[in-house]
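In: quick one: sequence plus predicted model below, questions after.
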Amino acid sequence: MTTNASTSPELSVVVPLYNEEDNVAILQEELATALQGIDFELVLVDDGSKDKTVENVVRNDHTRLIELEKNTGQSAAMFIGIREAHGEYIALIDGDLQNDPKDLPMLLEKCKSGVDLMCGYRAKRKDTTFKRIQSRIANFVRSRFTGDGVRDTGCSLKCMKSECRDALIPFTGMHRFIPALIKGAGYKVDEVAVNHRPRQYGVSKYGFGNRAWRATMDMFGVRWLVSRHFIARIKKG
């Protein structure tokens, strides 16, 4: 189901959702407040939620809701949302309220200043000690193996020029390698500290056991892909 939204907004905000019935309406309200004065659309992608997430979405002129036929994963929801976005710039934010919508205008302005992809990193994470340690190790290994130069790819909060989506390919785990794929395609990538908040409702959908091995294998594939990437542009004039 969709609602009417601007056909060519300045900013599209893509939000993957999976069982976030208590968070989605709050997030919509926070985004509307944070993005006042910006022509934006909200692209909510429900990844086969089994609760009342879809029912709790507030329908309005800024919002489009895309429902996947079945639960396919965070990468799939992000990829579909990015592909379907209408904006000149595309932002990503999690649906669990841990990312702060107030950071989005800042990310957008940095993109306008000449950065193709601006990534947020969580300077002060509001997670368990174990989760922070495992993330720090994973990010250290991934950044040096893929050469993306980003310290916290696990932070979903990002903003990119819409043309950057051409560098993305659909595979499970893609969301962890968005900076590597975009940088490998010749775009400029940078990062900035963003706010991180503790989860208030619901539970985390991802843990060490269900992603460590797959993420390791993905690194080899992404490194090979980036090493084989070519950049060819049509000569103007």
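Out: That came in fine, so what should we check first? Source: prediction; values computed, not measured.

In: from here on, just use CA atoms for contacts and neighbour counts.
Out: OK.

In: need phi/psi at Ala91.
Out: Main-chain dihedrals, Ala91, degrees, to the nearest 10: phi -110, psi 150.

In: so who does the closest residue in space to it that isn't next to it in sequence touch?
Out: Once flanking residues are discounted, Ala91 sits nearest to Cys159: 4.1 Å by Cα to Cα, 6 or more residues apart in numbering. Listed by Cα atoms under 8 Å, 6 or more residues apart in numbering, the contact set of Cys159 reads Tyr89, Ile90, Ala91, Leu92, Leu104, Leu107, Leu108, Cys111, Leu117, Met118, Cys119.

In: any idea what Cys159 is bridged to?
Out: Ala91, Met118 (DSSP bridges).

In: quick check: it vs Leu225, distance?
Out: As for Cys159, its distance to Leu225 is 23 Å (criterion: Cα to Cα, to the nearest Å).

In: check Thr72 too.
Out: Going from Thr72 to Leu225 by Cα to Cα gives 23 Å.

In: is Thr42 in contact with Ile66, as I believe?
Out: No, residue 42 isn't Thr; it's Leu. No: checked against Cα atoms under 8 Å, the pair Leu42 and Ile66 is beyond contact range at 10.6 Å.

In: dump the residue contacts of the residue most central in space within the chain.
Out: Nearest residue to the geometric centre of the chain (Cα atoms, centre = their mean): Leu92, 3.4 Å. When contacts are counted by Cα under 8 Å, 6+ apart, Leu92 touches Val13, Val14, Val15, Met78, Ser156, Leu157, Lys158, Cys159.

In: quick one: the fourth one is in a helix?
Out: Yes: following the definition DSSP: H, G, I helix; E, B strand; the rest coil, Met78 is counted among the residues of a helix.

In: so what's it closest to, chain neighbours aside?
Out: Leaving aside its sequence neighbours, Met78 sits nearest to Pro16 (Cα to Cα, 6+ apart; 5.9 Å).
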